[in-house]
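Undergrad: when you get a sec, could you give me coordinates for this:
(chains A and B)
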Amino acid sequence: MKYADRPARLTLTIAAACAALAAPVFAHHSFAMFDFSKDVTVTGTVKEFRWTNPHVALLVEFDPKPGAAPEVWSMELTSPGNLTRGGWSRHSFKPGDRIKLTFNPMRDGQHGGAFDQATLLDTGQVISSDLRAAEKPGLE
Amino acid sequence: MDRVYVERPVLMSARLAGVALGSLLSALAYAAQPVLNPAPTAKDWAALAALPDWSGVWTPNVSDQERRIDADPAPWNSAAAAQVETLEAAEKRGDPKGLFINCLPEGMPTWMLISHNAVEFLFTPGRVTLLGESDGNRLRRIYTDGRQHPADPDPTFHGHSIGHWEKDTLVIDTVGILPEAYLAVSESVGVPNNGDVHVIERIHLEKPDVLRDDLVIMAPHVLSKPWITSRLWFRQRARKYDIVEGECLEGNYAEGSDSKGNAVFVPTPQTEGGNILPSTPQSGDPHEIR
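TA: The predicted structure is shown next:
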């Protein structure tokens, strides 16, 4: 069930390429606490993937800089329902997955961010989310 | 009051007698004019086939929602406008107030105005039901059986809705909305409606797969005149769009276990704005059986 195994996943990759252009869409609470002018890219290891409403969360332990202690950060996403339509599932990430992650950090410096996209380092598969791409009827 | 009753049994008896008499009178009145919801007939079920086809799952046009914040601005009164201005400034500086992070419903009409999640419509005899995704309390019952509003409805988040069909348009009249429910243009900009809200909606298919809700929102304590705006939804038929269960409060918890190995939800730390913060869930559930 890797993304690369399914043709529909190709659209995810395309969406990922456009993601930086589209304003993110989330539900339930504003995402103004994230600084969308800042894209931060790190590598790390998935600690936990919480497939819950109203916001899915991906907890990632960032690879530490030399001499520094590892830090776990929490990435927020939209709802499971909305992500399902983008080809995600509760198995999209699993603890231990090595990823390259791009996110928009919280403005106040807390260890949280808005998920932008991730690349699974084992497969090279890009995983992203662009709800704006769903603004038309009859999507397949 | 309980203590008074205990100390004064005579009064208690008199009070109980009064309650009993009241109940009896209510029962007699009820017996005289029973209000029943009749069992639908085969004709009632068949009549549903003449209604427009709103089947499928409807996803909101979020870009249009946001465009209309400026295109059809809410005509806030001066007191509400001042609060809205403060909230907008807070959002712009990255410190948004989370109006709904307590997981109480967005309610009416705000659910229609700002939700980013899908909705479906169920037609049954005498009723249209809206079921929203991503939060189990997104639910509207619209009675189309000809009834009127109650004279004094119990206020609720979604209010009391009655509807009728004008050709292929469902016209809905909603009152009885809690004054505490927010009238909002986003998750972080809105004010409590402060009561006496009246919403009139006309929902129809603008195109074969585009549903349009034209709203007239009367909120006399926060608006200076009726707010006229619209919202759009796109029909999806792919099965992956089927509505999935979602409970807002679940986000306040992480999966954990108690000392007996039971799978339990354990509280997870969040920021004031409702963002999940990293932590290792701790064992221990306040409801654990000990």
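Undergrad: wait, does stretch B:56-73 make contact with chain A?
TA: Yes. Counting by CB under 8 Å from any CB of the partner chain, chain A has neighbours in stretch B:56-73: B:59, B:61-63. Bear in mind the C-beta positions are built from the backbone N, C-alpha and C, glycine included.
Undergrad: so how far is the first residue of that stretch from its last?
TA: End-to-end distance for stretch B:56-73, by CA to CA, to the nearest Å: 30 Å.
Undergrad: quick check: A:Gly113 is in a strand.
TA: Yes. Counting by DSSP: H, G, I helix; E, B strand; the rest coil, A:Gly113 is part of a strand.
Undergrad: how deep is the residue lying closest to B:Glu91 once chain neighbours are set aside tucked in, by neighbour count?
TA: Distance criterion CB to CB, 6 or more residues apart in numbering or on different chains; nearest residue to B:Glu91, sequence neighbours excluded, is A:Ala32 at 4.5 Å. For A:Ala32, the neighbour count with other CB atoms under 10 Å in any protein chain shown is 21.
Undergrad: could you tell me whether A:Ala32 really is in a strand?
TA: No. Counting by three-state DSSP, A:Ala32 falls outside a strand, being coil.
Undergrad: that one touches B:Lys92, doesn't it?
TA: Yes. Assessed by CB atoms under 8 Å, A:Ala32 is found in contact with B:Lys92 at 7.3 Å.
Undergrad: what is the burial count for B:Tyr241?
TA: B:Tyr241, neighbours per other CB under 10 Å, totals 23.
Undergrad: the closest residue to it other than its chain neighbours: how many residues sit nearby?
TA: Excluding its sequence neighbours, the residue lying closest to B:Tyr241 (CB to CB, 6+ apart) is B:Val57, at 4.3 Å. Per other CB under 10 Å, the neighbour tally for B:Val57 reads 23.
Undergrad: hmm, back to that, ok, the residues of stretch B:56-73 next to chain A vs B:Glu180, which is closest?
TA: Within the residues of stretch B:56-73 next to chain A, distances to B:Glu180 taken as CB to CB reach their minimum at B:Val62, with 25.7 Å.
Undergrad: surely that closest one meets A:Arg132?
TA: Yes. Here B:Val62 lies in contact with A:Arg132, judged by CB under 8 Å, at a distance of 7.4 Å.
Undergrad: between those two, which one's more packed in?
TA: B:Val62 (22 against 16).
Undergrad: list the residues that contact that one.
TA: A:25, A:131-132, A:135, B:116 (CB atoms under 8 Å, 6 or more residues apart in numbering or on different chains).
Undergrad: which of the residues you listed has the most neighbours?
TA: Using other CB under 10 Å as the neighbour test, the contacts of B:Val62 are led by A:Leu131, with 24 neighbours.
Undergrad: now do the end-to-end distance for stretch B:161-174.
TA: Taking CA to CA as the measure, stretch B:161-174 stretches 4 Å from start to finish.
Undergrad: stretch A:33-51 too?
TA: End to end - CA to CA - stretch A:33-51 spans 22 Å.
Undergrad: and it, what's buried?
TA: Across stretch A:33-51, burial judged by 16 or more other CB atoms under 10 Å in any protein chain shown covers A:33-36, A:44-51.
Undergrad: return the closest of those with respect to B:Ala181.
TA: Closest approach between the buried residues of stretch A:33-51 and B:Ala181, by CB to CB: A:Met33, at 24.0 Å.
Undergrad: hang on, the earlier thing: which of the residues of stretch B:56-73 next to chain A fall in helices?
TA: B:62-63 (DSSP state H).
Undergrad: neighbour-wise, which one of the residues of stretch B:56-73 next to chain A leads?
TA: Comparing those by number of neighbours (other CB under 10 Å), B:Thr59 comes first, having 26 neighbours.
Undergrad: in contact with B:Cys103: list those residues for me.
TA: Counted by CB under 8 Å, 6+ apart, B:Cys103 has contacts A:54, B:135, B:248-249, B:252.
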